[in-house]
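Asks: How does the following fold in three dimensions:
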Amino acid sequence: QVQLVESGAGLVQAGGSLRLSCAASGRNKYSMGWFRQAPGKEREFVAAISWRSGSTYYIDSVKGRFTISRDNAKNTVYLQMNLLKPEDTAVYYCAATENSGPRLRNGLSYDYWGQGTQVTVSS
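Replies: Numbering: from 1, shown residues only. Predicted coordinates:
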């Protein structure tokens with residue numbers, strides 16, 4: 001069983017930055033992903049990082065603005081979010097899986113989820 005705890009929630013003005021963290025209990029051989037869900041919308045994939053290769057994946061709307069990274073020694077994954085836009089407002093969830101590769105874009109590939117953390121970007 002893996003427990004995921006997100007942190008880094010906040011309110012920021014458009015153009016600002018936030019960094020989300022997700023600390024995982026247990027072993028660290030999991031690929032990690034970030035998803036988000038805005039009010040009235042479906043959950044969507046944001047970014048993921050494979051534990052095997054370190055390959056990263058992003059949704060097009062965040063490429064060049066968001067960066068996913070991991071610190072295996074701390075068993076923690078980060079999502080650095082720059083140039084934030086109001087449309088980035090959502091609850092952000094981290095997730096873990098033993099899968100890797102392009103399937104990391106699919107939420108159904110994940111076995112463990114965090115409780116979510118709110119990101120609000122004001123215009």
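
Asks: Can you tell me who the residue minimising distance to the centre of the chain pairs with across the strands?
Replies: Closest to where the C-alpha atoms of the chain average out (Cα atoms, centre = their mean) is Trp34, at 2.2 Å. Note on Trp34: beta-bridge partners by DSSP bridges are Ala47, Cys94.

Asks: Now do the contacts for it.
Replies: Residues near Trp34 by Cβ atoms under 8 Å, 6 or more residues apart in numbering: 20, 22, 46-48, 68, 77, 79, 92-95. Every C-beta, even on glycine, is put in place using the N, C-alpha and C of the backbone.

Asks: Go again with 6 Å.
Replies: For Trp34, the contacting residues are 46-47, 79, 92, 94, by Cβ atoms under 6 Å, 6 or more residues apart in numbering.

Asks: which one of those residues has the most neighbours?
Replies: Cys94 (31 neighbours; other Cβ atoms under 10 Å).

Asks: That one against Gly116, yeah?
Replies: No. Taking Cβ atoms under 6 Å as the definition, Cys94 is not a contact partner of Gly116, at 8.8 Å.

Asks: re the thing from before, of the contacts of Trp34, closest to Ser61?
Replies: Of all the contacts of Trp34, Ser61 sits closest to Val46, with 8.7 Å by Cβ to Cβ.

Asks: how much space between the nearest residue to that closest one once chain neighbours are set aside and Ser123?
Replies: Closest residue to Val46 apart from its sequence neighbours, by Cβ to Cβ, 6 or more residues apart in numbering: Trp34 at 4.4 Å. Counting by Cβ to Cβ, to the nearest Å, the gap between Trp34 and Ser123 amounts to 23 Å.
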